[in-house]
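In: A predicted structure for the sequence below; I have some questions about it.
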Amino acid sequence: MDSLQLGSYTFSSRLILGTGKFSSAAVMLEAVRASGAQLITVALRRFNREQAEDDLFGPLSAMKGITLMPNTSGASTAAEAVRAAHIARELSGSAFIKVEIHPNPQHLMPDPIETFEAARILAKEGFLVMPYITADPVLAKRLEEVGCASVMPLGSAIGSGQGVATAAMIEIIIRESGIPVIVDAGLRSPSEAAHAMEMGCGAVLVNSAVAVAGNPPEMAEAFAEAVSAGRKAFRAGLMQKSGSAIATSPLTTFLGTY
Amino acid sequence: MRPLPDWLTDDRETAALAAMLAPDSSSSLEALAAESRAITLRRFGRTMTLYAPLYLSNYCSSGCVYCGFASDRKTVRHRLEPDETDRELAAMKKLGISDVLLLTGERTAAADFDYLRQSVEIAAKTMQRVSVEAFPMSVAEYRALADCGCTGITIYQETYNRERYEALHRWGPKKDFIDRLETPARALEGGIKSVGLGVLLGLSDPVEDALSLYRHLRHLGRTYWRAGMSLSFPRMRPQTGGYEPPFAVDDHTLARMIFAFRIALPDTELVLSTRESAAYRDGMSGLGITRMSIESRTTVGGYHETENKEKGQFEIFDDRTAKEFCTALRKKNIEPVFKNWEPAYNGPSDGNTAIIHTGEPQPCH
Amino acid sequence: MITIELNGQQQPLPADSAVSDLLAIIGSDGKSVAVVVNEQIIRPDNRSAHLLHEGDKVELLIFAGGG
């Protein structure tokens, strides 16, 4: 059975779905259902009695086979992220925490130093830490060393829909990593998700591309199919790209002939 | 008997390499050479790092069937005393060498750890880079060597076929296959900055050994990701013991192997020694190999004295002088590099500690 | 009466109110809400025992959409 292993959790789906930016909770829930995703990200927000329908815990925990992965969005320091993780664990009951620390609300790029510090603390406390990071191979290894359950390098800026712009770096991260690599952020189309999986990613995390699609549940299903196709291709082993052009003067004449 | 580690038989990553190495591979040697050359040029430029071996001692406690220094051979045994080591190093410096590989046999009372450490200390005084190819050591011993200025450890598994390994290594500490397998990790754990791995081509099925070698390197690279790695392709030459290699590797097969490894591991140093002929080494320059030995003597010492009739561990095929060799390299538009390390950076590397995984080891994808 | 700060806004409460009383007043069943009083998490089984005091800073947090 080809499944995604994160800590002691096993998932048959390699698509992780975010729940932000949907037009309504009902559409979001339908998309979650259609995606077959088993790991779902949520964010912590202040309770507001005028907007009771914002509360996703009830409807999501009523769905079977779903594990919640709260994020620490809003945190701009390690200390804030650690605090958010503690609160989130109270609600989710799961050990998963997506460490997401972006001090600049314009571009939402993750702060590598604060992220590393928060990940180090939370992994030691027993959280399954899923850090959202820039596609930096050294940072990825450092996070693996402190006990993260995965690393989640960005394909491109959050919500940008620029696809896997960091493919060259992500390839290095995958080659060097002993933990699953999950491309998080920037994906626009299912073909990009398939590409990420073909490269050897353990999973992809998608949110905007589904949430703002014309028909979110249909797009969720398309992503699910693309992710499993990409995974299947990776496991099957892609054909080698043809090498460089053959030199005009042969390189191996010094070997003589058979 | 301790079981083989999982990574040694994990074939998930070796499909591409296996396809290139298969005797009936669809990739032509010429196409592999072209790709290998392009990668080498991009990553290493037009350079070749040069080093020379110095045999400190030919005492040995092991019974390797194929080796001229095995403990049952009648070879005269001796070791370099500190003043002789000094003289040898001075003679090597005169040849332009500043990157030395110190060699001994398996651990013996005559050439033990203290002797080796002392030799490293002596070499580190004059050489820019000192590496060691000797016997397996403990983490603490490796750390002590790193403290004295040793930056690299070369330790070949010889063959990854356990059955053949155990038959070929008749007695002595080297008989323990798993201990040998774990040695490079101990070296890195001890703060050694780079390790050199290899198989002795000729002992066992070359393709199987190559795939295992690749897995070994990848396994170490994931865990000790700060470490430098190199691979060697020593091919069995007629030995003093008169051993006939049962899986002789021809020129084409070796070339295919070098090209395939370069393509599979663009960043890894690939080494070719003077076991190979001048024509073969010249032909390989620029195509994938990035480090070569020069001026090798495989007898104990051998640089200082002019007349040396004793037999070495194996016969040298490329016996050109450093000057001749460099001229040949330059003719191919390749710059010989004698210094590729600054001793100011000597000392154990602190970052090399194994990754602490929580729970079960996980499949990587 | 006392006044606490609830999610950054002033909230009057009868004296001796517990966390559970506050939840009832604002119409939450408390199941899907995390409660933090002065930076300290108040677990569900402590909510009826934990009394609120003048000036307490109370944060009520829920899970909302996020990626």
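Out: Thanks, I have it.
In: mind saving the C-alpha coords of stretch C:5-14 as PDB?
Out: Extracted C-alpha coordinates of stretch C:5-14, given in PDB (Å, rounded to 0.1, in the frame of the first residue of the first chain):
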ATOM      1  CA  GLU C   5     -11.800  42.400  27.900                       C
ATOM      2  CA  LEU C   6     -13.300  39.800  25.500                       C
ATOM      3  CA  ASN C   7     -11.500  39.400  22.200                       C
ATOM      4  CA  GLY C   8     -10.200  43.000  22.500                       C
ATOM      5  CA  GLN C   9     -13.600  44.500  23.400                       C
ATOM      6  CA  GLN C  10     -15.200  45.500  26.800                       C
ATOM      7  CA  GLN C  11     -17.700  43.000  28.100                       C
ATOM      8  CA  PRO C  12     -19.700  43.500  31.300                       C
ATOM      9  CA  LEU C  13     -20.300  40.400  33.400                       C
ATOM     10  CA  PRO C  14     -22.000  39.700  36.700                       C
END
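In: just the strands in chain C please.
Out: With DSSP state E, the ranges of strands along chain C come out as C:2-6, C:9-13, C:34-37, C:40-42, C:57-65.
In: I'd assumed B:A52 was in a strand, is it?
Out: Yes. Counting by DSSP: H, G, I helix; E, B strand; the rest coil, B:A52 falls inside a strand.
In: burial measure for it, as a count.
Out: With neighbours defined by other C-beta atoms under 10 Å in any protein chain shown, the count for B:A52 comes to 22. Just so you know, the C-beta spots here come from the backbone N, C-alpha and C atoms, and that holds for glycine as well.
In: what distance separates the start and the end of stretch A:236-255?
Out: 35 Å (C-alpha to C-alpha, to the nearest Å).
In: Quick one: closest of the strands of chain C to chain B.
Out: In terms of C-beta to the nearest C-beta, the element of the strands of chain C nearest to chain B is strand C:40-42, at 24.2 Å.
In: Just checking that closest one against chain A, any contact.
Out: Yes. Counting by C-beta under 8 Å from any C-beta of the partner chain, chain A has neighbours in strand C:40-42: C:I41.
In: Can you tell me the strand partners of that strand and which way each runs?
Out: strand C:34-37 (antiparallel) (DSSP bridges).
In: contact partners of the strand it pairs with?
Out: A:44, A:87-88, A:90-91, C:19, C:23, C:41-42, C:47, C:50, C:52, C:56-62 (C-beta atoms under 8 Å, 6 or more residues apart in numbering or on different chains).
In: Please indicate which of these are buried?
Out: By neighbour count, with 16 or more other C-beta atoms under 10 Å in any protein chain shown, those hold A:44, A:87-88, A:90-91, C:19, C:23, C:41-42, C:47, C:50, C:52, C:56, C:58-62 as buried.
In: Quick one: the strands in the stretch 101-250 of chain A, in order.
Out: Using DSSP state E, counting those that start in this stretch, the strands of the stretch 101-250 of chain A run over A:128-133, A:152-153, A:182-184, A:203-206.
In: and of the strands of chain C, who's closest to B:F247?
Out: strand C:57-65 (62.5 Å; C-beta to C-beta).
In: A:A209 versus the closest residue to chain B within chain C, what's the distance?
Out: With C-beta to the nearest C-beta, the shortest gap between chain C and chain B falls at C:G67, namely 23.1 Å. C:G67 sits at a distance of 10 Å from A:A209 (criterion: C-beta to C-beta, to the nearest Å).
In: Kindly report the same for A:P105.
Out: Separation of A:P105 from A:A209 (C-beta to C-beta): 21 Å.
In: same question, B:E324
Out: In this structure, B:E324 and A:A209 are 63 Å apart, going by C-beta to C-beta.
In: In terms of neighbours, single out the busier of the two.
Out: Neighbour totals were compared for B:E324 and A:A209, and A:A209 leads with 24 against 14 (other C-beta under 10 Å).
In: is it true that the more buried one touches A:M219?
Out: Yes. The pair A:A209 and A:M219 qualifies as a contact (C-beta atoms under 8 Å) at a distance of 6.8 Å.
In: near chain B, which residues of chain C?
Out: On the criterion C-beta under 8 Å from any C-beta, chain B has no neighbours in chain C.
In: a markdown table for the strands of chain C, including mean pLDDT?
Out: A markdown table is the format used below for the strands of chain C (pLDDT from 0 to 100):
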| stretch | mean pLDDT |
| --- | --- |
| strand C:2-6 | 93 |
| strand C:9-13 | 91 |
| strand C:34-37 | 94 |
| strand C:40-42 | 93 |
| strand C:57-65 | 92 |
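In: These: which one's closest to B:S296?
Out: strand C:57-65 (67.9 Å).
In: mind listing what the closest residue to chain C within the stretch 51-200 of chain A touches?
Out: Closest residue of the stretch 51-200 of chain A to chain C, C-beta to the nearest C-beta: A:F57 (3.7 Å). By C-beta under 8 Å, 6+ apart, the contact set of A:F57 is A:V42, A:L68, A:L91, C:K31, C:S32, C:I62, C:F63.
In: Determine which two of the residues you listed are furthest apart.
Out: Among the contacts of A:F57, the pair separated by the greatest distance (C-beta to C-beta) is A:V42 and C:K31, at 15.2 Å.
In: which residues in the stretch 101-250 of chain B form strands?
Out: Counting by DSSP E, counting those that start in this stretch, the strands of the stretch 101-250 of chain B are B:129-133, B:150-154, B:194-198, B:228-232.
In: Quick one: mean pLDDT over the second one.
Out: Looking at strand B:150-154 alone, the average pLDDT works out to 97.
In: again with the third one
Out: In this model, strand B:194-198 has an average pLDDT of 97.
In: Contacts only, for the residue in the stretch 151-300 of chain B positioned nearest to chain A.
Out: Here the stretch 151-300 of chain B gets closest to chain A at one residue, B:G283, 3.0 Å apart by C-beta to the nearest C-beta. By C-beta under 8 Å, 6+ apart, B:G283 lies in contact with A:T252, A:F254, A:L255.
In: Please name the nearest non-neighbouring residue to C:M1.
Out: C:P12 (5.4 Å; C-beta to C-beta, 6 or more residues apart in numbering or on different chains).
In: Also B:V195?
Out: What sits nearest to B:V195 in space, not counting adjacent residues and going by C-beta to C-beta, 6+ apart, is B:P184, at 4.3 Å.
In: how far away is the one you found from B:M229?
Out: Using C-beta to C-beta, B:P184 is found at 9 Å from B:M229.
In: Common neighbours of the two, please.
Out: B:V195, B:L197, B:L220.
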